[in-house]
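Participant: this is the structure alone, sequence omitted:
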């Protein structure tokens, strides 16, 4: 039958739940094949400290449903809080492990777009890799629950990715501030944002891992990862400033308290 | 077209400033002329030159949502010319009366064009 293709298209469209993908699928048959994208795209998913790979698998599943794009899960194993707190030795090993993996992916896929989604400690690892390995070239970068310093100089690494970077911030997420207050090298960009022209800060009502759900990934992450479309969070413009007590607690210099306590202990012992 | 709408469009697609500028110029030019201005999606792809067709569809869809463009699926007669405009694929009937041929015809995707009309 001649009209089978129209019937097939109408039936196929009924299977789309994502309105964004629906509109693309609805329009795709009416353009020449030469206009469709051909560049392969790999999305690397980098987890945070002690988060299970569940969110990575969920996002990987969502990505697999799209054509021409392949998810790759990258990790560095379990990382206990003591190692996380201690500023030397332990972090370096994790950074090197992920760097080796990422550089391998870049080398094996020279003509492929490579994007990355990083959460929590994964964002710190990524920020260090970008600084230390200029050969790591990425397409798009998406951060959430970031513990990178808000002063991180993105202008030094702009040649390594297509900006803007997306930084998803959870309003009820205390961990970036805690990481900054109680340890060294970390920052609270996952609370206050980078406030940098190379980065788009998006604010949400979430806690630290609130981003890691299918709904958020479908609505906010996939449009960016697939097409560079920045879907704005309504909460960004509606949010209220932090209360003073909360701001003080968040900026409490816990690491110096620990150092003072340690110094006092040593003084008493010797 | 208001400046705010075009700014939002650029804000939404920060990787495509050049393509959006070309689209906005096209819209500006079209609105300054008398008469209805409409473009086929593949023609817009050539004129706007975005990084991919997927991106073009998203930019155009956003422009439709902001009231800058209208989108329509046009069914063409095999003898030439349109015989029906529909806002969505799901609303296109499988059989349609072709007023140019004087009989019912089965509609195939080959007979459909995606058209964007500039809002005056």
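Facilitator: Perfect, thanks for sending it. Only a predicted model underlies this, so the values are computations on that prediction, with no experimental measurement involved.
Participant: so what's the gap between stretch B:20-31 and the chain middle?
Facilitator: Stretch B:20-31 has its average C-alpha position 13 Å from the chain's average C-alpha position, going by CA atoms, centre = their mean, to the nearest Å.
Participant: flag every residue of chain B that's near chain A.
Facilitator: Listed as neighbours of chain A in chain B under the rule CB under 8 Å from any CB of the partner chain: B:11-16, B:41-42, B:45, B:51-58, B:61, B:73, B:88-90, B:92, B:94-95, B:106-110, B:112-114. C-beta here means a position set from N, CA and C on the backbone, and glycine is covered the same way.
Participant: separate out the buried members of those.
Facilitator: If you count burial by 16 or more other CB atoms under 10 Å in any protein chain shown, the buried members of the residues of chain B next to chain A come out as B:12-16, B:41-42, B:45, B:51-58, B:61, B:73, B:89, B:92, B:107-109, B:112-114.
Participant: check whether the host helix or strand of residue A:43 contacts chain B.
Facilitator: In this structure, residue A:43 sits in strand A:41-46 according to DSSP states H and E. No - no part of strand A:41-46 sits near chain B under the criterion CB under 8 Å from any CB; the closest distance found is 10.3 Å.
Participant: where do the strands of the chain begin and end?
Facilitator: This is for chain A. All strands of chain A, identified by DSSP state E, fall at A:41-46, A:69-74, A:113-119, A:141-144, A:165-170, A:199-204.
Participant: I was thinking of chain B, sorry if that wasn't clear
Facilitator: Listed in chain order (using DSSP E), the strands of chain B are B:38-40, B:69-76, B:82-86, B:95-98, B:103-106, B:112-118.
Participant: for those strands, which one sits closest to residue B:32?
Facilitator: Each of those has some distance to residue B:32 by CB to CB; the shortest is strand B:112-118, at 10.4 Å.
Participant: how much space separates the closest residue to residue A:212 other than its chain neighbours from residue B:84?
Facilitator: In space, residue A:212 comes closest to residue A:55 once its chain neighbours are excluded; the distance is 3.5 Å by CB to CB, 6 or more residues apart in numbering or on different chains. Counting by CB to CB, to the nearest Å, the gap from residue A:55 to residue B:84 is 46 Å.
Participant: so residue B:19 touches residue B:59, yeah?
Facilitator: Yes - using CB atoms under 8 Å, residue B:19 is in contact with residue B:59, at 6.9 Å.
Participant: so between the two, which is more surrounded?
Facilitator: Between residue B:19 and residue B:59, counting by other CB atoms under 10 Å in any protein chain shown, residue B:59 is the more crowded of the two (24 against 19).
Participant: tell me the contacts of the closest residue to that one other than its chain neighbours?
Facilitator: With CB to CB, 6+ apart as the criterion, residue B:59 has its nearest non-adjacent residue at 5.8 Å, and that residue is residue B:13. With contact set as CB atoms under 8 Å, 6 or more residues apart in numbering or on different chains, residue B:13 has these partners: A:228, A:229, A:230, B:19, B:20, B:55, B:58, B:59, B:62.
Participant: does residue A:120 really touch residue A:46, like I thought?
Facilitator: No - between residue A:120 and residue A:46 there is no contact, the gap being 9.5 Å when judged by CB under 8 Å.
Participant: would you mark the buried spots in stretch A:237-247?
Facilitator: Of the residues in stretch A:237-247, none is buried under the neighbour-count criterion (16+ other CB under 10 Å).
Participant: actually stretch A:127-147, sorry about that
Facilitator: A:127-130, A:133, A:136, A:138-147.
Participant: stretch A:6-18 now?
Facilitator: In terms of neighbour count (16+ other CB under 10 Å), stretch A:6-18 has its buried residues at A:6, A:9, A:10, A:13, A:18.
Participant: just to revisit the earlier point, so what sits against both of residue B:19 and residue B:59?
Facilitator: B:13, B:48, B:50.
Participant: need these in TSV with pLDDT, can you?
Facilitator: What follows is the shared contacts of residue B:19 and residue B:59, written out as TSV (pLDDT from 0 to 100):
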residue	pLDDT
B:13	93
B:48	91
B:50	89
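Participant: so where's the chain uncertain?
Facilitator: No chain was given, so I picked chain A. Regions of chain A meeting the criterion pLDDT under 70 cover residues A:1-4, A:32-38, A:50-53, A:67, A:79, A:88.
Participant: I was after chain B.
Facilitator: Counting by pLDDT under 70, the low-confidence segments of chain B come to B:1-3, B:120.
Participant: buried stuff in the longest helix along it?
Facilitator: Determined from DSSP state H, the single longest helix within chain B is helix B:17-32. Residues of helix B:17-32 classed as buried under the neighbour-count rule (16+ other CB under 10 Å) are B:19, B:20, B:22, B:23, B:24, B:26, B:27, B:30.
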